[in-house]
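A.B. asks: Below: sequence and its predicted model.
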Amino acid sequence: MTLNLKILSWNARSLVKVNKDLLVQFCLENQIDIFCIQETFLKPFIKTQFHGYRVIRQDRTDRDKGGIIIGVRNHIRFNQQWVNLSQGRAKIIGCIMFIDRQKKINIFNIYNPDGSENNLRETFEQMMHSVPSRELIIAVGDFNAHSESWCTCGRSNNAGRDIEDFLMNNNDLCLLTPKDLPTHLNHNTGQYSTIDLVFSSPHIAPTTKVTSLRNTILYSDHLPVMNELNGCNNIQANNIAHKFKLKKTDWKTFLTALENVHIEEQLKDVSSSEKKIKIFQTALMDVVDKVVPKISTHKLNHKFTKWWNETCTKAKHDLKDAKSNYERFPTFHGYV
């Protein structure tokens with residue numbers, strides 16, 4: 001099947017309390033498959049759940065603020081991806097999504113807190129080294145990187161030059177962020193810049209659309225960035241996730257069905273070990289699907305927050321109006 005994958009990237013400037021609930025509400029309402037958040041401000045002692053999502057966290061313990069997180073819808077199969085950074089202040093976490101039994105997509109969330117950082121090239125190189133060749137990559141995050149390559153801001157910094165240098169010398173990753181895409185609002189000037197970036201493998205770049213979202217319930221000085229991957233084939237993510245009832249399985253029927261497959265005859269003329277494994281897996285799963293009963297767990301519906309009322313709805317609309325007015329007339333009164 002073909003799946004349209006939605007990945008949200010956002011510097012939240014805190015996921016403590018209300019902001020976390022608004023994030024979950026937004027993701028469920030807009031059917032976000034994966035969210036990558038920077039500056040969560042979460043600490044190891046803060047235990048929190050994200051309804052409908054399983055999360056990977058990297059909290060900052062040496063100082064306030066910071067922290068990154070990846071949330072993946074419950075029905076999507078994934079593993080955590082580890083990247084060990086030897087130097088620099090940048091933080092990175094990743095997950096591996098399974099497209100089918102052989103193909104994967106590696107998704108990375110990166111936060112670079114300092115634009116004067118000059119180790120971003122090493123960060124990208126170590127990320128690439130952690131991924132086997134031919135596997136797909138999507139990397140998102142807040143890089144605090146200025147460059148004329150993606151923003152007509154009239155300036156560049158070390159982070160921007162590091163990324164430019166890496167892209168010029170590497171053909172396995174390309175920049176997807178459209179030039180001058182507004183992602184960060186400077187409250188002093190009321191002007192937007194482009195420092196939240198998206199990268200991907202060249203194979204999926206033509207089918208990936210990157211946009212920033214202005215009128216949302218999510219508020220910080222960064223705009224959420226939506227990444228829509230269209231035409232991702234055979235990804236193992238369905239509206240219904242199955243669990244097997246092993247205690248109610250008739251194992252005699254299961255063994256009989258396995259014997260009727262005659263797997264030896266199917267493998268007799270196959271020389272490749274990989275093909276043999278694939279044939280065996282397919283035959284085994286066919287028997288499992290026919291014999292082993294399942295529990296169907298439907299895609300989770302959105303649970304509305306209990307405390308949300310008409311006052312909250314009005315405040316949300318007032319916030320959108322205030323943001324819009326400030327963008328047009330960046331005055332101190334509008335900022336307050």
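C.D. replies: That came through fine.
A.B. asks: Restricting to C-alpha, output the strand or helix carrying V24 in PDB.
C.D. replies: Using DSSP states H and E, V24 maps to helix 18-29. Extracted in PDB, the C-alpha atoms of helix 18-29 (Å, rounded to 0.1, in the frame of the first residue of the first chain):
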ATOM      1  CA  VAL A  18      -0.500  23.100  29.000                       C
ATOM      2  CA  ASN A  19       1.800  23.100  26.000                       C
ATOM      3  CA  LYS A  20       2.000  19.300  26.100                       C
ATOM      4  CA  ASP A  21      -1.700  18.900  26.000                       C
ATOM      5  CA  LEU A  22      -2.000  21.300  23.100                       C
ATOM      6  CA  LEU A  23       0.600  19.400  21.200                       C
ATOM      7  CA  VAL A  24      -1.200  16.100  21.600                       C
ATOM      8  CA  GLN A  25      -4.500  17.700  20.700                       C
ATOM      9  CA  PHE A  26      -3.000  19.200  17.600                       C
ATOM     10  CA  CYS A  27      -1.200  16.000  16.500                       C
ATOM     11  CA  LEU A  28      -4.300  13.800  16.900                       C
ATOM     12  CA  GLU A  29      -6.600  16.300  15.100                       C
END
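A.B. asks: can you pull the buried residues of that helix?
C.D. replies: Buried residues in helix 18-29, counted by 16 or more other Cβ atoms under 10 Å: 19-28. Using the backbone N, CA and C atoms, a C-beta is placed for each residue, glycine as well.
A.B. asks: And for stretch 162-171?
C.D. replies: Neighbour-count burial for stretch 162-171, counted by 16+ other Cβ under 10 Å, picks out 162-164, 166-167.
A.B. asks: picking that back up, from the buried residues of helix 18-29, which is closest to N230?
C.D. replies: For the buried residues of helix 18-29, the residue nearest N230 by Cβ to Cβ is C27; the value is 18.8 Å.
A.B. asks: Verify the stated contact: the closest one with C36.
C.D. replies: No - here C27 does not reach C36: they are 11.3 Å apart, not a contact under Cβ atoms under 8 Å.
A.B. asks: what sits in contact with each of those two?
C.D. replies: Jointly contacting C27 and C36 under the rule Cβ atoms under 8 Å, 6 or more residues apart in numbering are L8.
A.B. asks: and the helix holding V24, what other elements does it pack with?
C.D. replies: With contacts defined as 3 or more Cβ pairs under 8 Å, 6 or more residues apart in numbering; DSSP states H and E, helix 18-29 has these neighbours: strand 34-38.
A.B. asks: Pretty sure N227 sits against T207.
C.D. replies: No - when contacts are counted by Cβ under 8 Å, N227 is not listed as touching T207 (11.1 Å).
A.B. asks: Who has more neighbours out of the two?
C.D. replies: N227 (22 against 14; other Cβ atoms under 10 Å).
A.B. asks: For the more buried one, give me its contacts.
C.D. replies: Residues counted as contacts of N227 (Cβ under 8 Å, 6+ apart) are 6-9, 138, 140, 176, 198, 208-210.
A.B. asks: again, only this time at 6 Å
C.D. replies: Neighbour list for N227: 7, 198, 210 [criterion: Cβ atoms under 6 Å, 6 or more residues apart in numbering].
A.B. asks: Number of residues surrounding the last one?
C.D. replies: Using other Cβ under 10 Å, V210 is surrounded by 21 other residues.
A.B. asks: Check G94 too.
C.D. replies: G94, neighbours per other Cβ under 10 Å, totals 24.
A.B. asks: and the host helix or strand of it, what other elements does it pack with?
C.D. replies: Taking DSSP H and E as the criterion, the element that holds G94 is strand 91-98. On a contact count with 3 or more Cβ pairs under 6 Å, 6 or more residues apart in numbering; DSSP states H and E, strand 91-98 meets strand 53-58, strand 68-73, strand 78-81, strand 104-111.
A.B. asks: at 10 Å what do you get?
C.D. replies: Applying 3 or more Cβ pairs under 10 Å, 6 or more residues apart in numbering; DSSP states H and E, one finds that strand 91-98 contacts strand 34-38, strand 53-58, strand 68-73, strand 78-81, strand 104-111, helix 120-129, strand 136-142.
A.B. asks: where along the stretch 201-336 of the chain do the helices fall?
C.D. replies: In the stretch 201-336 of the chain, the segments counted as helices under DSSP state H, counting those that start in this stretch are 251-261, 263-267, 273-291, 310-328, 332-335.
A.B. asks: And V83, how close does it get to L28?
C.D. replies: Note on V83: its distance to L28, by Cβ to Cβ, to the nearest Å, is 29 Å.
A.B. asks: now do D196
C.D. replies: 22 Å.
A.B. asks: that older thread, out of the buried residues of helix 18-29, which one sits closest to G66?
C.D. replies: If you rank those by distance to G66 using Cβ to Cβ, N19 comes first, at 15.2 Å.
A.B. asks: List the residues that contact the nearest residue to that closest one once chain neighbours are set aside.
C.D. replies: Spatial nearest neighbour of N19, excluding adjacent residues (Cβ to Cβ, 6 or more residues apart in numbering): A12 at 5.7 Å. By Cβ atoms under 10 Å, 6 or more residues apart in numbering, A12 lies in contact with 19-20, 22-23, 35, 37-41, 67, 69, 142, 218-220, 222, 224.
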